[in-house]
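K.L.:
Everything below, folded, please.
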Amino acid sequence: MSKKTYIAAVLVTCHVDGQRVDVQPGEPVPELSGHDVQQLLAMKAIRDPEAEAAEAKAEARADKAAQADFKQAKEAAVAAAESTKA
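P.N.:
Numbering: from 1, shown residues only. Got it, this is the predicted structure:
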């Protein structure tokens, strides 16, 4: 399994091999413990590009489905209005 890559959203200071490391926003964060990753994600100090991409895809699918539902409802409303015209 490949290592997951996180991107710093703000300046993140961490310890790597006993050395203090400052990670600037936009740079990849070095490998951290699971607990550190959870905490940094909760604070929105780091981003998960893979999760963001999956969320964007899901949003696009939901939007497309909503547009199709709207179109179908609109066509039904127009048809109903047409049928009541004398």
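K.L.:
Domains in the chain, by residue range?
P.N.:
Using automatic domain parsing, the domain parsing of the chain gives 1-47, 49-86.
K.L.:
Deepest in the core, which of these is it.
P.N.:
domain 1-47 (a mean of 13; mean count of other CB atoms under 10 Å). Where C-beta positions appear, they are placed from N, C-alpha and C, glycine not excepted.
K.L.:
For that domain, what is the distance to the chain centroid?
P.N.:
The chain centre lies 17 Å from the centre of domain 1-47; the measure is CA atoms, centre = their mean, to the nearest Å.
K.L.:
again with stretch 57-64
P.N.:
12 Å.
K.L.:
Nearest residue to the middle of the protein?
P.N.:
E52 (2.6 Å; CA atoms, centre = their mean).
K.L.:
And the pLDDT at S2?
P.N.:
On pLDDT, S2 comes in at 50.
K.L.:
ok, back up a step: next up, identify which helix or strand the residue nearest to the centre of the chain is on.
P.N.:
helix 49-84 (DSSP states H and E).
K.L.:
Against which helices or strands is that helix packed?
P.N.:
Counting contacts by 3 or more CB pairs under 8 Å, 6 or more residues apart in numbering; DSSP states H and E, helix 49-84 packs against no other helix or strand.
K.L.:
shaky segments in the chain?
P.N.:
1-2, 86 (pLDDT under 70).
K.L.:
Kindly recompute the last result at 80.
P.N.:
1-3, 85-86 (pLDDT under 80).
K.L.:
Name the SS class of K44, please.
P.N.:
coil (DSSP: H, G, I helix; E, B strand; the rest coil).
K.L.:
isn't it right up against A9?
P.N.:
Yes. The pair K44 / A9 is scored as a contact, 6.0 Å apart, by CB atoms under 8 Å.
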